[in-house]
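Q: Below: sequence and its predicted model.
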Amino acid sequence: MEFQPIASLLHESQHEKKVRVRGWVHRKRSSGGVAFIVIRDASGIIQVAVKKDRVSDESMRAAEEALMEAHVETEGIVQKDRRAPGGFEMRALDFRIRHSAKPFPISRDKSTEFLLDIRHLWIRSQQQTHVMKVKAQMLESIRLLFKKKGYFETTPPIIVSGACEGGSTLFTFDYFGKKAFLSQSAQLYLEALIYSLEKVYAITPSFRAEKSRTVRHLAEYWHVEGEEAYMDLDGLLKFEEELVTFVCHDLAKKSSEELRALGRDPAELLKVKTPFKRLRYNDAVELLREKGSHIKEGHDLGAEEERLLTEKEAQPIFVTHFPKKIKAFYMSEDPEDSKTVLCNDCLAPEGYGEIIGGSQREDDVKKLEARLRTEGQNPNNYEWYLDLRRYGSVPHSGFGLGAERLLRWIAKLEHIRDTVPFPRVINRSYP
C-alpha cells in the first residue's frame, strides 16, 4: 500500500478506509493505554490513535517512545471524529519509528532570539509552513499575471558594477581584484531588455546595506520588477493596481485555509478593487499635517508617515509626483512641474506601508547625464546604461515590488522576518 498525503484523508470519502501515512510527530499525549499522536506532512496534520489492544507490542512501544519531530510511519483505518484536528482520526493497526528524535528544544524556549538561532527547526512550525505556502502561491500568482499580460521572465545579474538606488546601501566585495556589488535592483538591466522584448520582468534577490532595525526591512529580500516599453505613468499605475488586486483575489481563492490560520480573512482580500486612491505628494503632506505629522515639505515619506496615510484604509493607495531632489536619477521629470518626477509609491493598507516603488523612466540621455552629475555621480560609470538612450530610446516605465512586504500585509504578519525561511537583517546572518 502506497503512502498517502495526509490532506487527502480529511474527506468523507475516506471514512473507514485503510491507509498508510508517514510524517513527523507534531504533538503527542497518552491516556489509559492509548497514545494520541498528531502527525504532520507537507499537506496537513492528522491525529493517530494507537491503542494497546489494536496493535502489536512493538507498535505500542514505538508509539510510547516517539518524541516530537521523530519521523514515523503508520497504517490504519480513517474515522470521522469531531474531537480530532480536521475532524478525522486514524486508528492505527501498525506504528513504526523510522528515525528517532532527541527532546525538541523549542518546547522549552520560544523567545524571539532563540527561535532565530534555531530557525532551521522553527521553520517546521505550522505558522511558518502556512507562510511559506502562501508565499509560494503568491509568486505563482504574480508570474501568472505577468504571463497573461504578455511579459517575458528574464534573469538579470546579481553581481553588478554600479549603484541603482544609491551607493550608501551597497554591499561591496572583491571580484577578481576589482570592486563589485550585490544588486540592489534589476531595473537597469530590465530596461536594456525592453529594446528587444518590450515587456519584461524578473524575480530576483536584492540586497540593501541599510542599518535599519524595523519590522519591514530585510538586508536580503526577493524583488519583483517589471519594465514595459511605451508605458507612461498612468499605464504603470493601472498595471500595479491590477497586479496587486489579481494576487489578492487569487490567494483568497487558492490559499484561504492558510490565510485564515494566519489571521487574515480571505474575504478582506476579495474586497480589494481597482482603481486605488491616488494622492499627489503635496496633497499627502497636507493630509499628514492634518493628522498631526510634522513632516517637512520636500522630505521623503517614512514608516510613520506611511502608517498615518494607510492605517484606516481598506485597500492600497498611491502617492505620486514626489520632489525630484529626493528620488533616483532615472525618474522622468514631470513636464508640468520640473521640480517633481513621474513616480509613485504604492502603500499597503492597515498601516503596512510601501510595497511598490515605480516611475516613468527618463528617456533623454542629456537629462540623465545632468541628473547623474547633480547627484555627484560620474556618468562614465553608466556608459552602458546611457547607450540605451543613444540607440532608439523609447518612453517606458517600470516598478519594483518587495515580495516580502506584500506578503507581510496579505498574511497579516507583525514582522517581515517571518516572511522568509532564513531572514537576513542587520544583526543576523546565521543560520
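A: All right, it came through fine.
Q: Which other helices and strands does the longest strand seen in the chain contact?
A: Ranked by number of residues, the top strand in the chain under DSSP state E is strand 18-31. Contacts defined by 3 or more C-beta pairs under 8 Å, 6 or more residues apart in numbering; DSSP states H and E place strand 18-31 against strand 34-40, strand 45-51, strand 71-80, strand 88-99. C-beta here means a position set from N, CA and C on the backbone, and glycine is covered the same way.
Q: helix or strand right after the last one?
A: Same thing as strand 88-99. Using DSSP states H and E, the helix or strand that directly follows strand 88-99 along the chain is helix 112-117.
Q: which other residues reach that next one?
A: For helix 112-117, the external contacting residues (C-beta atoms under 8 Å, 6 or more residues apart in numbering) are 106, 122, 417, 423, 428, 430-431.
Q: thinking again about what came up before, tell me which of the helices and strands packed on strand 18-31 sits nearest to residue 181.
A: Judged by C-beta to C-beta, the one of the helices and strands packed on strand 18-31 that comes nearest to residue 181 is strand 34-40, at 41.6 Å.
Q: In its sheet, which strands sit next to that closest one, and in what direction?
A: In the sheet, strand 34-40 lines up against strand 18-31 (antiparallel), strand 45-51 (antiparallel) (DSSP bridges).
Q: so what's residue 201 up against?
A: Listed by C-beta under 8 Å, 6+ apart, the contact set of residue 201 reads 146, 151-154, 190, 224-227.
Q: still on that earlier bit, pick the most buried one from the strands paired with strand 34-40.
A: The highest mean neighbour count among the strands paired with strand 34-40, using mean count of other C-beta atoms under 10 Å, belongs to strand 45-51: a mean of 22.
Q: Do a quick rundown of the strands in the stretch 151-300 of the chain.
A: Secondary structure of the stretch 151-300 of the chain (DSSP state E, counting those that start in this stretch): strands at 152-153, 159-160, 172-175, 178-182, 199-207, 220-229, 277-280.
Q: now the contacts of residue 201 in TSV, with distance to residue 297, neighbour count and pLDDT?
A: Output for these, formatted as TSV (distance: C-beta to C-beta, whole Å; neighbours: other C-beta atoms under 10 Å; pLDDT from 0 to 100):
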residue	distance to residue 297	neighbour count	pLDDT
146	37	21	99
151	37	20	99
152	41	15	99
153	41	12	98
154	39	18	98
190	33	23	98
224	32	24	98
225	30	23	98
226	31	30	98
227	31	30	98
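Q: Nearest to residue 354 among these?
A: Taking C-beta to C-beta as the measure, residue 354 lies nearest residue 224 of the contacts of residue 201, at 13.8 Å.
Q: confidence score at the residue of the chain most remote from its centre?
A: Here the centre of the chain is the reference, and by C-alpha atoms, centre = their mean the most remote residue is residue 53, at 48.7 Å. Turning to residue 53, the model gives it a pLDDT of 95.
Q: just residue 107 next, same as before
A: Per the predicted model, pLDDT is 81 at residue 107.
Q: That one touches residue 69, doesn't it?
A: No: look at residue 107 against residue 69 with C-beta atoms under 8 Å: they stay out of range, at 9.9 Å.
Q: ok, now how distant is residue 60 from residue 100?
A: From residue 60 across to residue 100, the span is 16 Å (C-beta to C-beta, to the nearest Å).
Q: Please apply the same query to residue 151.
A: For residue 151, the distance to residue 100 equals 49 Å [C-beta to C-beta].
Q: Same check on residue 323?
A: Going from residue 323 to residue 100 by C-beta to C-beta gives 63 Å.
Q: what's the answer for residue 182, then?
A: For residue 182 relative to residue 100 (C-beta to C-beta), the value is 41 Å.
Q: out of those two, which sits in the busier spot?
A: Comparing residue 182 with residue 100 by other C-beta atoms under 10 Å, the one with more neighbours is residue 182, at 18 against 13.
Q: can you tell me which residues contact that one?
A: By C-beta under 8 Å, 6+ apart, the contact set of residue 182 is 158-160, 170-171, 173, 207.
Q: same thing but 7 Å
A: 158, 171, 207 (C-beta atoms under 7 Å, 6 or more residues apart in numbering).
Q: again, but for residue 135
A: Contacts for residue 135 (C-beta under 7 Å, 6+ apart) come out as 407, 419.
Q: same deal with residue 419?
A: By C-beta under 7 Å, 6+ apart, residue 419 lies in contact with 131, 135, 404, 407-408, 413.
Q: With residue 175 instead?
A: Neighbour list for residue 175: residue 159 [criterion: C-beta under 7 Å, 6+ apart].
Q: Mind putting the strands paired with strand 34-40 into CSV with distance to residue 216?
A: Converted to CSV, the strands paired with strand 34-40 look like this (distance: least, C-beta to C-beta, whole Å):
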stretch, distance to residue 216
strand 18-31, 31
strand 45-51, 31
